[in-house]
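Trainee: Mind folding the following:
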Amino acid sequence: MSRATLLVVIQFTLFGLIGLAFLLLPHTGNALLRTVGLVLVGSGLVVAFLAITEHQRAAGQTPNVTPTPKRSSQLITSGLYQFVRHPIYSGVLLCGFGAAVYQSHLVTAVLVAALYLLLSVKSRYEESLLQRAFRDYTAYMKRTGRFWPGSDI
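Mentor: Numbering: from 1, shown residues only. Alright, predicted model coming up:
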C-alpha cells in the first residue's frame, strides 16, 4: 500500500471512529457547549463546501482525496485558498472540533486530536508533492497558513 493510500485509509478510519464515538458515547456538554459545537460544525460544513466548490470552479475537477496531485491539476490560490492552503481540511477539522465540543467526551476529543495530527502529516506530505508539481507553491506556502489564516500549525 502506498503512503498516500495509507494516509487516506487512516483518515477515513478516524472519521468512522469519531462518528461511532459521537453516536455511542454519552453527550455530557451543557447547552452552551452544544450551541458552540453546533456553530463550529455548521461553520466547518460551510468552509468545506465553499472550498470544494472553489476547487471545482478553478480547476474544473473535484479535489483529489489522496495527497497526490492529479496530472491535470493546477495551483488554486483563489477563494478560501488565498487564506489557507488546505481549506477542505480546515472545514473537516472545524466539524470535528465542533463535534467534540458538543459531545464533551474525552474519547471524541482524543480522536479529533488524532485527526488533526494525521491531517498535519498528510498535508506536509501533500505539500512536498505540490512543491514538485508547481514551481510557485513554495511562495504560496510562505504567504498562506496551512489550516488557519496566518498560522502554519
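Trainee: from here on, contacts and neighbour counts on C-alpha atoms
Mentor: Noted.
Trainee: and the residue most central in space within the chain, what does it touch?
Mentor: With distances taken as Cα atoms, centre = their mean, Tyr89 lies nearest the centre of the chain, 1.2 Å away. By Cα atoms under 8 Å, 6 or more residues apart in numbering, Tyr89 lies in contact with Ala48, Leu119, Phe147.
Trainee: Determine the next helix or strand in the C-terminal direction from the one helix or strand it maps to.
Mentor: Using DSSP states H and E, Tyr89 falls within helix 87-103. Next in sequence after helix 87-103, counting helices and strands by DSSP H and E, comes helix 106-133.
Trainee: After that next one, which helix or strand is next?
Mentor: Downstream of helix 106-133, the next assigned helix or strand under DSSP H and E is helix 137-143.
Trainee: ok, and for that next one, which residues are buried?
Mentor: Tyr137, Tyr140 (16 or more other Cα atoms under 10 Å).
Trainee: which other residues reach that helix?
Mentor: In contact with helix 137-143 (Cα under 8 Å, 6+ apart) are residues Leu75, Thr77, Arg85, Leu130, Gln131.
Trainee: which residues of this structure score low on pLDDT?
Mentor: Applying pLDDT under 70 to the chain flags no residue at all.
Trainee: Please repeat the previous calculation with a cut-off of 90.
Mentor: Scanning the chain for pLDDT under 90 picks out 29, 59-62, 64, 69-74, 150-153.
Trainee: and Asn64, what does it touch?
Mentor: Counting by Cα under 8 Å, 6+ apart, Asn64 makes contact with Lys70.
Trainee: Please repeat the previous calculation with a cut-off of 10 Å.
Mentor: By Cα atoms under 10 Å, 6 or more residues apart in numbering, the contact set of Asn64 is Lys70, Ser73.
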